[in-house]
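In: Sharing a sequence plus its predicted fold:
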Amino acid sequence: MPRLFSYSDFSGGNETVRTYADKHSPVIICEKEALFDQPFTVKVRIGQSVKHPNAQDHHFQYIQLWNLETLVGELKLQRASYGDKPVHIEAHFTIIPKVSMRLKALAYCNKHGLWQSEEVFVKVEGQQE
């Protein structure tokens, strides 16, 4: 299994190290509560404040959204779709929740490996017992 990196692995480093981690770390952006059986949107953004390179030899290839061990969605990225300049890549996933969720995102950089987000708990209201 490949090593998983996260922003917290580098949080104690200097500014250069934190910038490196920021531009590689996926971040989940969503509400903390969802309604049972109703469409719920989750945005995954790579990098909080620093754009990631988008060169042929250094780019992201995919973003995945997981609920514990269940793959909820995956976006395969076409590098050329974003041009050659550094970018913030965002993926939007719409899911229909049935139970409360513990979401994590994974993103793969072809030069620096597999990166994971912090876990986000989403409580689902009105779920059936």
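Out: Ah, there it is. Predicted, not measured: the structure shown is a model, and the values here were computed from it.
In: Helices along this protein, start to end?
Out: Ranges of helices in the chain, per DSSP state H, are 15-24.
In: in it, which spans are strands?
Out: 4-5, 26-29, 33-35, 40-46, 60-67, 70-76, 90-95, 101-109, 113-116, 120-125 (DSSP state E).
In: want to throw those strands into CSV with mean neighbour count, distance to Gly12 and mean pLDDT?
Out: In this view, the C-beta of every residue, glycine as well, is placed from N, C-alpha and C. Formatted as CSV, the strands of the chain follow (neighbours: other CB atoms under 10 Å; distance: least, CB to CB, whole Å; pLDDT from 0 to 100):
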stretch, mean neighbour count, distance to Gly12, mean pLDDT
strand 4-5, 16, 14, 90
strand 26-29, 20, 19, 97
strand 33-35, 16, 33, 97
strand 40-46, 20, 22, 97
strand 60-67, 20, 25, 96
strand 70-76, 13, 31, 97
strand 90-95, 16, 28, 96
strand 101-109, 21, 21, 97
strand 113-116, 18, 17, 96
strand 120-125, 15, 23, 97
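In: between those strands, which one is nearest to Asp84?
Out: Comparison of the strands of the chain against Asp84 by CB to CB identifies strand 60-67 as nearest, at 13.9 Å.
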